[in-house]
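In: fold the following, please.
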Amino acid sequence: FSLSFPENMKRTIGKKEALLLAPFLVVAFISIWPDVLIRNIVTVPHQEKIIVFNNLLHVFYALYIATYFLASYVILFRKYIRLSGSEKTQIKFILIGTLTSTMISLVSNLLLPMMGIFYLNWLGQVVSIIMVSAITIAILKHHLFNIKVIATEFLIFLLWIFTLLRAFISVDIKDQAVNVGMFLVSLIIGVLLVRSVQKEVKDKEVTAGLAKELGVANVRLKQLDEAKSNFISIASHQLRGPLTAIKGYSSMVLEGTYGKTTEKLKDPVEKIFESSRRLVLIVGDFLDVSKIESGKMQYDFVKFDLKEMLRSIADEFKNALEKTEATRGKGKKLDFTIDFKESDDFNITADQNKVRQVLTNLIDNAIKYTPQGFVRVSLQKDMGGRTVLVKIEDSGIGMSAETIDKLFQKFSRAQGVSKLHTDGSGLGLFVGKEIVRAHGGSVWAESVGDGKGSTFFVRLPVEKIVNETNPPPIKFLEEENGSSFDPTSQK
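Out: Numbers count the residues shown, from 1 in each chain. Presented below is the predicted three-dimensional model:
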């Protein structure tokens, strides 16, 4: 038992176990064979019986008992030190119950009789109650053995005894045959039932163990994710300062703040300025992701005209396009237009800077990944005037269905974009999706396929409808007819 418990209760008998059985068989033989270990028993009125032992064999018997108990407790103590959790608790109850009973019994039933003292012989049987009580508590409270399996085995055993006794006490041969048949049937069914219960219990234990391991892994994963977010936040903050300084000073050099810039110097300084500008944007994305994941992204909701914001963004991009048009190559002109009804009211309540960040990023992507053709930005009222819809359509490189499915995930970029632009963190669309989601809106993309252009949609509510610090899942407010908008749909 001590070798098998609790890890391997179905341990098979090997050479070691067979060797351990040899002394037991010898002791069993000398104990029950007349006039070998026990020579005589003397009955004394109103006292414990006096047992007359063979002295030499009695010493062998005592050494056998003491050695085996000692070896068992050494094994259990070593397991108690090594194991943890419920198994450690189970061994503790086994040790408390059996060790207490054993120590008392060894004195009262083994050592004292060797000295001819028998009046405490009754004590060994009584103190076994301590062992039974400790094991019972361990079974009921600490799952030492599964109570369901024990109950099943007990009931099956009673059924076998009952049917077997009926077979023995039956007088009629026919009844005896029937009862024997019932016993054999109950024997087979009982074995199958016990195995079924054991398998069910084992499966539950395995599932519980896996659930516990999964819980520990999830806690560790959350700790690692939090550590990662903290690292990104600290690193990004440290990077932003120097990059802003590089961008600022290179801009001042280009503007002539420190004197006239020569043509030879102007080109490398422009590259420094542009690279630092891109890096500042990437660092900003990392910071935004860190804030979103930690729930610390702050929003300043104000009422503003989305139409004027789009006009301002369009003017910035038009000026940038005019400067870079010459670098696109002959016949690679890009037509950039913006369309909305001047008479319509496009006032919304949202975080002006965050919405500008999202729309600027989407329009910038459309321009970057459209070597020639058009980029069209349109604005319209939607869902009965409760929302506004920004549509950014281009004739660029397009996307496959597989790309669209993972487009708004972290560090995800469309296939083939690196051939046109190597820079980019793959975080812009993820950040944009989370910002729009925090406003109670939705963002999605459509494309017929690679090389056939793309269209991005941003739907925002006119009024603030959610708590920005605890945004709901991406499911928008209901239509008037009761249906709801599913942003995962590609329609």
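In: secondary structure element holding the nearest residue to residue 150 once chain neighbours are set aside?
Out: Leaving out its chain neighbours, the residue that sits closest to residue 150 by CB to CB, 6 or more residues apart in numbering is residue 139, at 7.2 Å. In this view, the C-beta of every residue, glycine as well, is placed from N, C-alpha and C. Taking DSSP states H and E as the definition, residue 139 sits inside helix 128-142.
In: mind listing residues that contact that helix?
Out: Contacts with helix 128-142, where a contact means CB atoms under 8 Å, 6 or more residues apart in numbering, come from 86, 89-90, 93-94, 96-98, 100-101, 105, 144-145, 147, 150.
In: biggest helix in this protein by residues?
Out: Counting by DSSP state H, the longest helix found in the chain is helix 173-255.
In: name the helices or strands packed onto that helix?
Out: helix 147-169, helix 263-294 (3 or more CB pairs under 8 Å, 6 or more residues apart in numbering; DSSP states H and E).
In: residue 239 is nearest to which of those?
Out: The minimum distance between residue 239 and those falls on helix 263-294, with 5.1 Å, by CB to CB.
In: so for the helix or strand where residue 353 lies, mean pLDDT?
Out: Residue 353 belongs to helix 352-368 when assigned by DSSP H and E. Averaging pLDDT along helix 352-368 gives 89.
In: so residue 443 sits in a strand?
Out: Yes: assessed with DSSP: H, G, I helix; E, B strand; the rest coil, residue 443 lies in a strand.
In: any idea what it is bridged to?
Out: Note on residue 443: beta-bridge partners by DSSP bridges are residue 458.
In: looking at it, residue 272 is touching residue 246, isn't it?
Out: Yes: under the criterion of CB atoms under 8 Å, residue 272 makes contact with residue 246 at 6.7 Å.
In: what is the burial count for residue 212?
Out: With neighbours defined by other CB atoms under 10 Å, the count for residue 212 comes to 11.
In: for the stretch 301-450 of the chain, which spans come out with low pLDDT?
Out: By pLDDT under 70, the low-scoring segments of the stretch 301-450 of the chain are 323-333, 411-425.
In: surely residue 364 and residue 314 touch.
Out: No: counting by CB under 8 Å, residue 364 sits too far from residue 314 to count as a contact (11.9 Å).
In: so what's in contact with residue 272 and residue 246 at the same time?
Out: In contact with both residue 272 and residue 246: no residue, using CB under 8 Å, 6+ apart.
In: for residue 303, phi and psi?
Out: Here is the backbone geometry of residue 303 (degrees, to the nearest 10): phi -90, psi 130.
In: in three-state terms, label the closest residue to it other than its chain neighbours for me.
Out: Closest residue in space to residue 303, ignoring its immediate chain neighbours: residue 349 at 5.0 Å, by CB to CB, 6+ apart. Under three-state DSSP, residue 349 falls in the strand class.
In: give me every residue that touches residue 349.
Out: Residue 349 sits in contact with 301-303, 462-464, where contact means CB under 8 Å, 6+ apart.
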